[in-house]
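Colleague: just to be clear, the model below is a prediction. Sequence and coordinates:
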Amino acid sequence: MPIEDQTLTSEDSKQIPRYIIDSSGHIQKNPNYQSKSGPMPSAPPPYNPYGAKQLTTVSSIEDQIAISETTQLGAPLQFQTALNTFQSQPYVDAFETKNLDGGTLVDGLSNVFQRNEIPIGLISKLTEFKGANFHYKVDDSGSMTYDSDLLITDFCDYMKKKVGYTSKLYASRWQDAEDRLHKSIELLAYVPTGTIIVSVFDRDYPGRRITLSRRGITPEEFIVQAHNMISDFFNVQPSGDTPIYTNIKNMFDEADRTRGSSDRKTNHSLLTDGEPNGGPAEIRRIKDLLLSRNASLNPFTFLGCSNRRQDYAWMHEIEEVAPFIAAVPDFRDEQMEVYKDQGPAFPYSRGMWLLCCLAAAINPNDLDALDQHWPFSKITLENLFGRGLTESEYLSYFDNHPNARRVFGPDYNLFLKLSDSTAIPSVRLFQNTLKARLSRDIDDGDDDSEDRDVAIAEQAVLQSRRSSAAMWNNSSTGTRAYDGYQYPPPDNSACCIIL
C-alpha cells in the first residue's frame, strides 16, 4: 500500500494508554483502553533453572504489576519513562502505519520479552534505537561452516522449521549467525528504526546484501517479511578469507556518507568466528580504527560465533579500550563469564544475552559491564530488572558477588545509594588500570593476558585503599580513622587516590 494511503486520521491519532502509572510509580491497566488490533496471545511463564538463590526477575507488564503489589515498591523511573514512550503518539506515528497504537506495541513487545525470558526493565534499552540505522556484517569465510556452541534445540522457532529434523547436535557458525538475526528482528520489529542492512564481506567487490525497511507496515508484517529475506540471504555456502579491517572501515565510511550532516546513529555489528587475515598486526589496525571513529554515531558490536573462546579473545580486549564497543560471544560462554563475575544471585537468561547482542555497545555501564569485576549499584539492578529491590535483596546479591566484599566492600553504602557504580572512585581506578594494561597487550600482540591484568587492577584498588586509610588515620595531623564505609572519606582532603 502506498505510504500516502497510510495517513493517520485525527481519530487514529487519539492514544489512550494501555497502562497508567500513579504518583508512587505503581503501574495499572487502564480500564478505558481498547486495542485497535485485538488481544495479543499470552506467553508461558519464564523458567528459572538456577534455584531460589537468584534475584527474582519479571518479563511481562502483568508480572511487574504483581510483584510491585507484593513488595509495595514502585517501578524504577527509567522503566516508567520507557513505558510512557512506547505508548506516546510520536513513537506510534514513527511507524507510519494505520491500525497501530501504543498498547498494541507494549503488549506485543511484552510477549516477546516473556517468551525469551528478558527482564522487562530492558525495554528502556530499545527506545534508544528510534530512528537509528543498523548494519550487520556477516563473516562468510570458509570456517563459518564449522560447528558453533549453539545447540540445534536452542534454535528460534523459525530456524527449527527451516532446518527440520537433523542428527547434528550443534549448529554451524553460519547457522548461529542466522539464528541471532532472526531473534533480534523480533525485538527490533517493535522499534521504529531506520533501515537495517545485512551484508557479507566485501573483498575485491561489494558483498551481497539485503535491506530491511519497515515503513508503512505493522511490526507483525515486518517480522514475516524480515524472516523470509534473512532466510534467503543465508541460503548460500560460505567460503573465502576474513578481511575484517577493510570491512569495518567500509561500514563506517558508508554510514558517514549516508548520514551526511545529520546526527543519525548507525549501530554496526560483526558476526564472525575468528582472527582477521592479518593476525596481530591487523588487530592493532582495527583497534586504532575503532579508537579514531566517531564513536557516539558508530557504536560497534563483535558477535562471536565460534566454539573456541580463544578465537575471539582479541575482541574482548578491544572492547575494554575503545568507547561504545561490545564483544558478545555465544550464550553459553557469556553465561559462564557472567556467573563468574556477577555471582550466583544474578539472573542471566538467554533473553538478557539477546538484549546484550543488540544494545551492550551503547550501554557501557550496565549491559556491557555484566562480565566485569565490580558489582552493580542497587539502582542499576532495579533499572535492569524493571522493578524495585528491597535492601535485603540487594545485600544478598552483594554478598554473593565474588569480588564485592573482598575488593569493594568498604564502598557498600555507595553501591547502595549511587545510580552508577562507575561513579565510585575504586571502580574508576580498577577500570582505568585495566584499560591501560589491555591497550598495551593489544599493541604487543598478547591475547592471553586478561586474567593477569584483572589481578593487577584489583591489586591497584586494594593498595590505593590501604594508602588512603593510612593517610586518613594520621595521628600527627589529628585526622580521624578511615571508617571503611565511604571511599574516599567524606571531607576528602587527606585521601590519596591513584586514578
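Modeller: That came in fine, so what should we check first?

Colleague: now residue 283, nearest residue through space, not along the chain?
Modeller: Spatial nearest neighbour of residue 283, excluding adjacent residues (CB to CB, 6 or more residues apart in numbering): residue 314 at 5.1 Å. Just so you know, the C-beta spots here come from the backbone N, C-alpha and C atoms, and that holds for glycine as well.

Colleague: oh, that last question was meant for residue 28, not what I typed.
Modeller: Once flanking residues are discounted, residue 28 sits nearest to residue 20: 5.6 Å by CB to CB, 6+ apart.

Colleague: now do the same contact list for that neighbour.
Modeller: Contacts for residue 20 (CB atoms under 8 Å, 6 or more residues apart in numbering) come out as 27-30.

Colleague: just the buried subset of those, please.
Modeller: Buried residues within those, counting neighbours by 16 or more other CB atoms under 10 Å: residue 27.

Colleague: out of the contacts of residue 20, the closest to residue 424 would be?
Modeller: Comparing those against residue 424 with CB to CB picks out residue 27 as the nearest, at 30.8 Å.

Colleague: report the beta-bridge partners for the closest one.
Modeller: On the basis of DSSP bridges, residue 27 is bridged to residue 21.

Colleague: turn the contacts of residue 20 into CSV, including pLDDT.
Modeller: Below are these laid out as CSV (pLDDT from 0 to 100):
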residue, pLDDT
27, 88
28, 87
29, 86
30, 85
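
Colleague: and the contacts of residue 20, which is closest to residue 78?
Modeller: Nearest to residue 78 among the contacts of residue 20, counting by CB to CB, is residue 27 at 13.4 Å.

Colleague: I'd say the closest one and residue 19 touch.
Modeller: Yes - using CB atoms under 8 Å, residue 27 is in contact with residue 19, at 5.4 Å.

Colleague: which residues do these two both contact?
Modeller: Here residue 27 and residue 19 have 61, 83 as joint contacts, going by CB under 8 Å, 6+ apart.

Colleague: burial of residue 33, as a residue count?
Modeller: Per other CB atoms under 10 Å, the neighbour tally for residue 33 reads 16.

Colleague: and residue 169, by the same measure?
Modeller: By the measure other CB under 10 Å, the count of residues near residue 169 is 9.

Colleague: do the one 5 residues further on as well
Modeller: Counted with other CB under 10 Å, the neighbours of residue 174 add up to 24.

Colleague: residue 462 too?
Modeller: With neighbours defined by other CB under 10 Å, the count for residue 462 comes to 12.

Colleague: which element, helix or strand, includes it?
Modeller: Taking DSSP states H and E as the definition, one finds residue 462 inside helix 450-472.

Colleague: elements contacting the helix or strand hosting residue 426?
Modeller: Using DSSP H and E, residue 426 sits within helix 425-444. With contacts taken as 3 or more CB pairs under 8 Å, 6 or more residues apart in numbering; DSSP states H and E, helix 425-444 sits against helix 279-292, helix 313-321, helix 404-408, helix 450-472.

Colleague: now these in a markdown table, with mean pLDDT and distance to residue 162?
Modeller: Formatted as a markdown table, the helices and strands packed on helix 425-444 follow (pLDDT from 0 to 100; distance: least, CB to CB, whole Å):
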| stretch | mean pLDDT | distance to residue 162 |
| --- | --- | --- |
| helix 279-292 | 94 | 33 |
| helix 313-321 | 88 | 28 |
| helix 404-408 | 90 | 44 |
| helix 450-472 | 76 | 37 |
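
Colleague: pick the most buried one from those helices.
Modeller: Mean neighbours per residue, mean count of other CB atoms under 10 Å, is largest over the helices and strands packed on helix 425-444 for helix 313-321, with a mean of 22.

Colleague: contact partners of it?
Modeller: Residues from elsewhere that reach helix 313-321, judged by CB under 8 Å, 6+ apart: 275, 283, 286-287, 290-291, 302, 304, 325-327, 368, 434-435, 438-439, 441-442, 447-448, 450.

Colleague: and the angle for the helix holding residue 426 with helix 279-292?
Modeller: Counting by axes from the mean of the first three to the mean of the last three CA atoms, to 10 degrees, helix 425-444 points 130 degrees away from the direction of helix 279-292.

Colleague: give me the buried positions along helix 425-444.
Modeller: Result for helix 425-444 [16+ other CB under 10 Å]: buried residues 425-431, 433-434, 437-439, 441-442.

Colleague: what does stretch 249-257 give?
Modeller: Of all the residues in stretch 249-257, those buried under the rule 16+ other CB under 10 Å are 250-252, 254-255.

Colleague: okay, now the unreliable bits of the stretch 1-150 of the chain?
Modeller: For the stretch 1-150 of the chain, applying pLDDT under 70 flags the ranges 1-14, 36-52.

Colleague: let's see it at 90
Modeller: Within the stretch 1-150 of the chain, the ranges that satisfy pLDDT under 90 run 1-54, 56-57, 62, 68-71, 96-105.

Colleague: would you map the strands across it?
Modeller: Using DSSP state E, counting those that start in this stretch, the strands of the stretch 1-150 of the chain run over residues 19-21, 27-29, 133-138, 147-151.

Colleague: I'd like those as TSV, with distance to residue 464 appended.
Modeller: Listed next are the strands of the stretch 1-150 of the chain as TSV, based on distance: least, CB to CB, whole Å:
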stretch	distance to residue 464
strand 19-21	43
strand 27-29	43
strand 133-138	41
strand 147-151	39
